[in-house]
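Participant: structure, please.
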Amino acid sequence: MASTCIVVADGARARVFLAETPENGKGGLVEMVDLVNPEYQARGKHVLPTARSTRNTSRQSGPMHPYAQRRGRHLLELEKRFAQEVVAQAAGLVRGWSRGSVLLIADPRMLGLLREAARAALRRGIVIKELAKDYTQLQVSELYDHLVHSGIMGQAAGRPR
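Facilitator: Modelled structure (predicted):
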């Protein structure tokens with residue numbers, strides 16, 4: 001049975017893996033869930049509007065006011081809802097576990113949102129670990145190699161360090 005769940009996410013995409021318990025001395029990751037955030041308008045990464053597009057400079061259409069703050073809050077809300085959905089999927093996978101760990105890997109902004117959602121959704125026996133990296137575009141084998149080489153996971157995927 002796996003004892004490590006790995007969540008790799010950004011605002012647009014999330015993948016959830018379980019670490020395989022090695023039988024032949026060689027571990028790996030099994031992708032369980034691949035989620036896409038359809039509401040997130042990503043062009044590589046989220047882009048807030050520039051200063052030029054945030055101001056209403058037409059005196060005929062009313063007073064001047066910035067739109068960037070409202071747009072920024074909207075993007076944050078989209079990411080927050082997506083983070084809750086991702087953590088709910090991971091929590092469903094580890095629901096029967098009495099102990100183990102969930103490794104959250106995301107860019108710093110998304111990592112904070114995932115952390116907040118995970119604290120509320122996961123049982124007390126599940127340890128939350130974090131890594132502030134954007135690994136969403138990596139292949140499964142590349143992700144596993146990064147985790148092993150960085151020392152986050154031992155060669156035996158079922159036994160995290």
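
Participant: rest of the way, CA atoms for contacts and neighbours
Facilitator: Will do.

Participant: what is the longest helix belonging to the chain packed up against?
Facilitator: Once the chain is assigned using DSSP state H, the helix that runs over the most residues is helix 68-93. Using 3 or more CA pairs under 8 Å, 6 or more residues apart in numbering; DSSP states H and E as the contact definition, the elements that helix 68-93 packs against are strand 13-19, helix 108-121.

Participant: again, 7 Å this time
Facilitator: Applying 3 or more CA pairs under 7 Å, 6 or more residues apart in numbering; DSSP states H and E, one finds that helix 68-93 makes contact with helix 108-121.

Participant: tell me the gap between the helix it packs on and the middle of its chain.
Facilitator: Between the mean C-alpha point of helix 108-121 and the mean C-alpha point of its chain there is a distance of 8 Å (CA atoms, centre = their mean, to the nearest Å).

Participant: angle of that helix against helix 68-93?
Facilitator: Comparing the axes of helix 108-121 and helix 68-93 via axes from the mean of the first three to the mean of the last three CA atoms, to 10 degrees yields an angle of 50 degrees.

Participant: so what does helix 108-121 touch, helix or strand wise?
Facilitator: helix 68-93.

Participant: pLDDT (mean, whole number) over the helix or strand just after the helix it packs on?
Facilitator: Next in sequence after helix 68-93, counting helices and strands by DSSP states H and E, comes strand 100-106. Across strand 100-106, the average pLDDT comes to 95.

Participant: can I get strand 100-106 in PDB, CA atoms only?
Facilitator: Listed next in PDB are the C-alpha coordinates belonging to strand 100-106 (Å, rounded to 0.1, in the frame of the first residue of the first chain):
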ATOM      1  CA  GLY A 100       1.300   8.700   5.600                       C
ATOM      2  CA  SER A 101       2.200  11.900   3.900                       C
ATOM      3  CA  VAL A 102       0.900  14.200   1.200                       C
ATOM      4  CA  LEU A 103       3.600  16.100  -0.600                       C
ATOM      5  CA  LEU A 104       2.400  19.400  -2.100                       C
ATOM      6  CA  ILE A 105       4.500  20.700  -5.000                       C
ATOM      7  CA  ALA A 106       3.500  24.000  -6.500                       C
END
